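S.K.: What follows is a predicted structure for the sequence shown.
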Amino acid sequence: MLNKIMPLPMVGKPVPRFLRQGQSNAYQGMDELSHPKDAFHKVSFGMAGRNKGPQTPPPIDPSDNRECTDCPPVGDFVLGMETQDPYLRQLTQWNDYIYKLVTKPRPTVDGKKVPWLKPLPTHFYMVDSRKLMRAASQGGFLSRYPHWRFDRDYYYMKKQQDFHLSKLYELVVNNNPSIAYMLNTNDVYEQAVVMAHVYGHTDFFNNNVNFSKTNRHIVDTMGDHARRIQAFEAKYGKDTVEKFLDKVHTMEWLADTGAYSAPDLNKETMVNPFEPHDEHKPITASDGLPRGVNYILPRPRFPHSPDRDVMGFLYQYGHGMADWQRDILAMLREESYYFLPQVRTKVMNEGWATFWHEKLMKDVFEVLKPANRELKPLDIVNVLPMMEGVKHPGKTQINPYRLGSLIYKDIEEKANEAARRRGIKIDPNGVTPGIQAAREVMEMEDDRGFISNYLTDELIEREQMYKWVKSDDGNDEEGEKRIASKDPNEVRQAIINQLGFENPAFTSIAVVDSNFNNRGELLLKHYPGVDLRTDWAKAVLRYMAEMWGAPAHLDSIYTDDEHPENQTHIRFSTKLESQEIKGQRVYYISPEVLLYELDDNGIPIYEISDNGKRQYVVDPSGNRIKRA
């Protein structure tokens, strides 16, 4: 996705009001906004684009048979189709030229011939700003199940457009063939940069190891999920289904973030951890115990090793869901595994696409002029403002386009310089040692390794990167930040942590015990890395307990930023409550989630209130539990 960040001040933040979309119309506009909601959800990275006015493209021939099920409707031009419009003809010619340019076999230093890029087959579609923002707000798809958070994201993008704070040029879907939506109000120069940028993305999708097992027919999968969820809404009610979707959305990144694809969930081979095993059956008097005394040994810990696929574990073994809820959980889990590689490689992906569109525009087009006279040569002056706007640096926030492209350029320059010192002649129009080195890194890394291993101390110092923290000075304005450190190691870790706060996929949570306290309760563990948000942890844990059908607990470690050696073991816990209804005792998960401080043996000692006050935990007899 190519965004231009406008360096304009934010004069005010409008209060959003969201609309529950009544119909599953992928192309429906968003003019009326109402119904606010609050939940703990990820906000999409897409930003809205500036509309330069309506420009209606020529209609598509109805006799054309398009294979893609997610193609825009008739009226949106697809590059490659016959047209008499000079603008669209020129775009088609530029697309053909750029594709041949990046896929042409070129010599390497060892005598082989390989292309610059190996992109997936790519279909370009011209769409207006509404459809582009609608697709971006729905994760890149025009056909998606209806949900209020997609409308929330659309509203955010529309406000960005209205205030001219950013511009969305294109959107690429990791599919085969890849689908690229281009804004139909871009001029020819912008579209040329967009097409070069898109081919960088599709090359990344096709060759990075994190995308090696992704679903290449995701467009059809998303459409199928939308139809099934709509059927559930018709049967069980929109509000009922939407409430459950809200719960699943809060845990959409609680999957095995190290896996390249979703592990299979085979119901026929499921093991029920609640069924007693022969070796752990109840021990009775016949086993040599005193008459009248029965002992039940605890079941062995399950899972046998920590399971990071929390959504999959709940799907397989949770007994607090109906069949339709379990089906929705499986669908959204599959979608999470599709998006996880994009979350893990945001900086690398955008940096690789930016690296190539800059190389093609600045270095190549000035040397290799198009031979076709109808193809107007690019004037570099027309594309520089756009490319520099995309890479506009933020003061305290990461610009993935800038950071990623800088690291790739640094790798390229160092590899080329090392080759020159060895006496190797470098052909600027070939596959240089620098391009080969950058490509090797692109194929094997994710953002964490990319930043840890290739963001050098020299690059940090040159780009004036610092570790920023919120200022604790009472005289500063709210939201003001200050420089906490210039140490390169701390800067690299701060960047990784910032990516973690924006992308919860870096938060490592695993199921460690499904029979905690020998009562069938669920115990999860948060591993060190990115600190948990207390409000998020409490909300998600309560939803997990409801899906599990019993109380759930989450252990974590709190680390003081100022004094990292000070660590506190804490536990979030849900509890059962009951009430008598029509003569029957009904148990349910309490909406209250408790927070405890643990001792070294994992025993709760203090209960921590919302305002931070601590009080001793007492046993059923009212005695204070003493520290072991």
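M.R.: Now that the structure is in, tell me what you want to look at.
S.K.: what number of residues lie near the residue nearest to Ala262 when sequence neighbours are not counted?
M.R.: In this structure, Ala262 finds its nearest non-sequential neighbour in Tyr337, 3.9 Å apart by CB to CB, 6 or more residues apart in numbering. Glycine gets a C-beta too; all of them are placed from N, C-alpha and C. Residues lying near Tyr337 (other CB atoms under 10 Å) number 22.
S.K.: thinking Tyr337 is in contact with Ser261, fair?
M.R.: Yes - in terms of CB atoms under 8 Å, Tyr337 counts as a neighbour of Ser261; the distance is 6.2 Å.
S.K.: Show me the shaky parts of the stretch 401-550 of the chain.
M.R.: 471-479, 500-507, 529-530 (pLDDT under 70).
S.K.: In the helix or strand containing Asp246, which of the residues would be classed as buried?
M.R.: Using DSSP states H and E, Asp246 sits in helix 238-249. By 16 or more other CB atoms under 10 Å, the buried positions in helix 238-249 come out as 241-242, 244-249.
S.K.: need the next SSE after it, C-terminal direction.
M.R.: Next along from helix 238-249, by DSSP H and E: helix 310-317.
S.K.: Packing partners of the helix or strand that that following helix is followed by?
M.R.: In the C-terminal direction, the helix or strand that comes right after helix 310-317 (DSSP H and E) is helix 323-344. In terms of contact count using 3 or more CB pairs under 8 Å, 6 or more residues apart in numbering; DSSP states H and E, helix 323-344 is assigned the packing partners helix 218-236, helix 238-249, helix 310-317.
S.K.: can you give me the offset of the second one from its chain's centre?
M.R.: Spelled out, that is helix 238-249. The chain centre lies 20 Å from the centre of helix 238-249; the measure is CA atoms, centre = their mean, to the nearest Å.
S.K.: how about that helix as PDB, C-alpha atoms only?
M.R.: Output of helix 238-249 as PDB, limited to C-alpha atoms (Å, rounded to 0.1, in the frame of the first residue of the first chain):
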ATOM      1  CA  LYS A 238     -27.300  -9.600  13.500                       C
ATOM      2  CA  ASP A 239     -26.700  -8.300  17.000                       C
ATOM      3  CA  THR A 240     -26.000 -11.800  18.400                       C
ATOM      4  CA  VAL A 241     -23.500 -12.600  15.600                       C
ATOM      5  CA  GLU A 242     -21.900  -9.100  15.800                       C
ATOM      6  CA  LYS A 243     -21.300  -9.400  19.600                       C
ATOM      7  CA  PHE A 244     -19.500 -12.700  19.000                       C
ATOM      8  CA  LEU A 245     -17.400 -11.200  16.200                       C
ATOM      9  CA  ASP A 246     -16.400  -8.400  18.500                       C
ATOM     10  CA  LYS A 247     -15.100 -10.900  21.000                       C
ATOM     11  CA  VAL A 248     -13.100 -12.900  18.400                       C
ATOM     12  CA  HIS A 249     -11.700  -9.600  16.900                       C
END
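S.K.: sorry, back to before: list just the one of the helices and strands packed on helix 323-344 that sits closest to Ala330.
M.R.: Relative to Ala330, the nearest member of the helices and strands packed on helix 323-344 by CB to CB is helix 310-317, separated by 5.4 Å.
S.K.: Mind listing what's buried along the closest one?
M.R.: Residues of helix 310-317 classed as buried: 310-317 (neighbour count, 16+ other CB under 10 Å).
S.K.: Taking their axis directions, that helix and helix 238-249 sit at what angle?
M.R.: Helix 310-317 and helix 238-249 meet at an angle of 120 degrees, taking axes from the mean of the first three to the mean of the last three CA atoms, to 10 degrees as the criterion.
S.K.: could you say what helices and strands helix 310-317 packs with?
M.R.: helix 323-344, strand 509-516, helix 534-548.
S.K.: returning to what we had before: give me the mean pLDDT for the helix holding Asp246.
M.R.: Helix 238-249 carries an average pLDDT of 96.
S.K.: and if you look at stretch 178-185?
M.R.: Stretch 178-185 carries an average pLDDT of 91.
S.K.: Please write out the alpha-carbon positions of that stretch in PDB.
M.R.: This file holds the C-alpha atoms of stretch 178-185, laid out as PDB (Å, rounded to 0.1, in the frame of the first residue of the first chain):
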ATOM      1  CA  SER A 178      -2.400 -10.400  -7.300                       C
ATOM      2  CA  ILE A 179      -5.000  -7.600  -7.400                       C
ATOM      3  CA  ALA A 180      -3.900  -4.000  -7.500                       C
ATOM      4  CA  TYR A 181      -6.400  -1.200  -7.100                       C
ATOM      5  CA  MET A 182      -5.200   2.200  -8.400                       C
ATOM      6  CA  LEU A 183      -6.900   5.500  -7.700                       C
ATOM      7  CA  ASN A 184      -8.400   6.700 -11.000                       C
ATOM      8  CA  THR A 185      -7.500  10.400 -10.200                       C
END
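S.K.: quick one: low-confidence ranges for this protein?
M.R.: Using pLDDT under 70, the flagged stretches of the chain are 1-81, 266-300, 362-382, 471-479, 500-507, 529-530, 561-562, 618-628.
S.K.: returning to that earlier point: of all the helices and strands packed on helix 323-344, which lies closest to Glu388?
M.R.: helix 218-236 (33.1 Å).
S.K.: show me what contacts Tyr588?
M.R.: By CB atoms under 8 Å, 6 or more residues apart in numbering, the residues touching Tyr588 are 576-578.
S.K.: Tabulate those in CSV, adding columns for distance to Tyr454, secondary structure and neighbour count.
M.R.: CSV is the format used below for the contacts of Tyr588 (distance: CB to CB, whole Å; DSSP: H, G, I helix; E, B strand; the rest coil; neighbours: other CB atoms under 10 Å):
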residue, distance to Tyr454, secondary structure, neighbour count
Leu576, 50, strand, 13
Glu577, 52, strand, 12
Ser578, 56, strand, 10
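S.K.: Looking at these, which is nearest Thr257?
M.R.: Leu576 (31.1 Å).
S.K.: Please name the residues that touch that closest one.
M.R.: Leu576 neighbours (CB under 8 Å, 6+ apart): 550-551, 587-590.
S.K.: what's the neighbour count on the residue lying closest to Val102 once chain neighbours are set aside?
M.R.: Counting by CB to CB, 6+ apart, Val102 lies nearest to Leu117, which is 4.2 Å off, once chain neighbours are set aside. Leu117 has 23 neighbours, counted by other CB under 10 Å.
S.K.: Just confirm Leu117 contacts Phe204, I think it does.
M.R.: No - using CB under 8 Å, Leu117 is not in contact with Phe204; the gap is 9.2 Å.
S.K.: Need the CA coordinates for stretch 578-597. PDB is fine.
M.R.: Output in PDB follows, covering the C-alpha atoms of stretch 578-597 (Å, rounded to 0.1, in the frame of the first residue of the first chain):
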ATOM      1  CA  SER A 578     -23.900 -18.000  40.200                       C
ATOM      2  CA  GLN A 579     -27.500 -17.100  40.800                       C
ATOM      3  CA  GLU A 580     -30.600 -19.100  41.300                       C
ATOM      4  CA  ILE A 581     -33.100 -19.000  38.400                       C
ATOM      5  CA  LYS A 582     -36.400 -20.900  38.700                       C
ATOM      6  CA  GLY A 583     -35.000 -23.100  41.400                       C
ATOM      7  CA  GLN A 584     -31.800 -24.000  39.500                       C
ATOM      8  CA  ARG A 585     -28.300 -22.700  40.200                       C
ATOM      9  CA  VAL A 586     -26.800 -21.100  37.100                       C
ATOM     10  CA  TYR A 587     -23.100 -20.500  36.800                       C
ATOM     11  CA  TYR A 588     -21.500 -17.900  34.600                       C
ATOM     12  CA  ILE A 589     -18.200 -16.000  34.100                       C
ATOM     13  CA  SER A 590     -18.100 -12.800  36.100                       C
ATOM     14  CA  PRO A 591     -17.600  -9.600  34.100                       C
ATOM     15  CA  GLU A 592     -15.000  -8.600  36.700                       C
ATOM     16  CA  VAL A 593     -11.400  -9.500  36.100                       C
ATOM     17  CA  LEU A 594      -9.000  -9.500  39.000                       C
ATOM     18  CA  LEU A 595      -5.400  -8.600  39.000                       C
ATOM     19  CA  TYR A 596      -2.900 -10.200  41.500                       C
ATOM     20  CA  GLU A 597       0.700  -9.900  42.300                       C
END
